[in-house]
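Peer 1: 3D model of this:
(chains A and B)
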Number of protein chains: 2
Amino acid sequence: MIAKTPPPPYYAVIFTSVRTEVSEDYAATAERMVLLAKEQPGYLGHESARDNLGITVSYWDSLAAIQNWKQQAEHLKAQENGRTRYYAAYTTRICLVERDYHFENADSQENIG
Amino acid sequence: MIAKTPPPPYYAVIFTSVRTEVSEDYAATAERMVLLAKEQPGYLGHESARDNLGITVSYWDSLAAIQNWKQQAEHLKAQENGRTRYYAAYTTRICLVERDYHFENADSQENIG
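Peer 2: Residues are numbered from 1 along each chain as shown, chains lettered A, B, ... in the order given. This next block holds a predicted model:
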């Protein structure tokens, strides 16, 4: 689903990654991190897609919310596992969303949530 | 590949989409738009992934560069086809990238380019 975010300005964290071949616990960890992120103050939504490359974008109401999430204890451990086991490479980009536009085809079902 | 971008600040356009089932000319159009974007002034790179959701992030050196690309004639036509044929829904977000971090596993090949 496309994330339903409030009117700008708000923040986005773009996490682009290349995986290793280590799959043990990866799916469970990724799923757990999504659940945990949703519980954090200031979380607004997230979007994720992967083929050769993985792109996950999470949306937040402030830089402070992003900083808190980055330092969350269980997330810190997952980040460490990410570097040592799951990811060959990644780039994280912290962005201020200044403008957005949404298009929804009249014939389509709801694709935002 | 993860896009190799210059030190921030720079701009990102996050394009998140849900496809229709229309596939005619879609792949060729998408490929052509990537080639065309690369020729535009101010283009810095792009990243793309799709499973149920598609996320394409393009990077630019200024808002003016993004505006020029949005108005490019062949791109305008592709956008129109996007709305009438290829996409059930999409959201475009224009962002200022304020900070970024890159991680590359010492054992892995170059994953940035």
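Peer 1: any regions of chain A where pLDDT drops low?
Peer 2: In the prediction, chain A carries no residues with pLDDT under 70.
Peer 1: helices of that one, start to end?
Peer 2: Taking DSSP state H, the helices of chain A run over residues A:26-38, A:63-71, A:73-81.
Peer 1: quick one: buried residues of stretch A:39-57?
Peer 2: A:42-50, A:53-57 (16 or more other Cβ atoms under 10 Å in any protein chain shown). Every residue, glycine included, has its C-beta placed from N, CA and C.
Peer 1: now, the residues you listed that are in strands?
Peer 2: A:Tyr43, A:Leu44, A:Gly45, A:His46, A:Glu47, A:Ser48, A:Ala49, A:Arg50, A:Gly54, A:Ile55, A:Thr56, A:Val57 (DSSP state E).
Peer 1: against which helices or strands is the strand ranked longest in chain A packed?
Peer 2: Across chain A, the longest stretch assigned as strand under DSSP E is strand A:87-104. Helices and strands touching strand A:87-104, by 3 or more Cβ pairs under 8 Å, 6 or more residues apart in numbering or on different chains; DSSP states H and E, are strand A:10-19, strand B:10-19, strand B:87-104.
Peer 1: what about that strand, distance to the chain center?
Peer 2: 9 Å (Cα atoms, centre = their mean, to the nearest Å).
Peer 1: about what we covered before: can you put the ones in strands among the buried residues of stretch A:39-57 in CSV and add distance to chain B?
Peer 2: Formatted as CSV, those follow (distance: Cβ to the nearest Cβ, whole Å):
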residue, distance to chain B
A:Tyr43, 16
A:Leu44, 12
A:Gly45, 10
A:His46, 11
A:Glu47, 5
A:Ser48, 7
A:Ala49, 4
A:Arg50, 5
A:Gly54, 6
A:Ile55, 4
A:Thr56, 8
A:Val57, 6
